[in-house]
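3D model of this:
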Amino acid sequence: MYIRQISRKNKNGTTTRYVQLAHNERNPVTGTPQAKVLYHFGRADDLDTEGLKRLAASIHRFIGEPLPS
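All right, here's what the predicted structure looks like:
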């Protein structure tokens, strides 16, 4: 699992970035890996970074490892 950013170019020439939680899965037909999006966090400029930090801390507490410094 990983967090990725994707970009989309708008008609007016600006670029909008989106943040997603994704996981690679192998395509059973072609055998190539494909990203499966598990969750859309929304636009990068509207992202709640403090919320992501709280989520990371919660995951670390759940697995019993301290947060890296």
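
Tell me what Val19 is bridged to.
Gln5, Gly42 (DSSP bridges).

Return the residues in contact with it.
3-5, 40-44, 47 (CB atoms under 8 Å, 6 or more residues apart in numbering). Quick note: C-beta positions are derived from backbone N, CA and C, even for glycine.

And for Met1?
21-23, 38.

Could you rerun that using 10 Å?
Residues in contact with Met1 (CB atoms under 10 Å, 6 or more residues apart in numbering) are 21-24, 36, 38-39.

Likewise for Ile63?
Residues counted as contacts of Ile63 (CB under 10 Å, 6+ apart): none.

cool, Val29 as well?
Val29 neighbours (CB under 10 Å, 6+ apart): none.

ok, Asn10 to Arg17 distance?
Distance of Asn10 to Arg17, computed by CB to CB, to the nearest Å: 11 Å.

between those two, who's got more neighbours?
For Asn10 versus Arg17, neighbours defined as other CB atoms under 10 Å are more numerous around Arg17 (12 against 8).

returning to what we had before: among the contacts of Met1, name the buried ones.
Neighbour counting with 16 or more other CB atoms under 10 Å marks 21-22 as buried within these.
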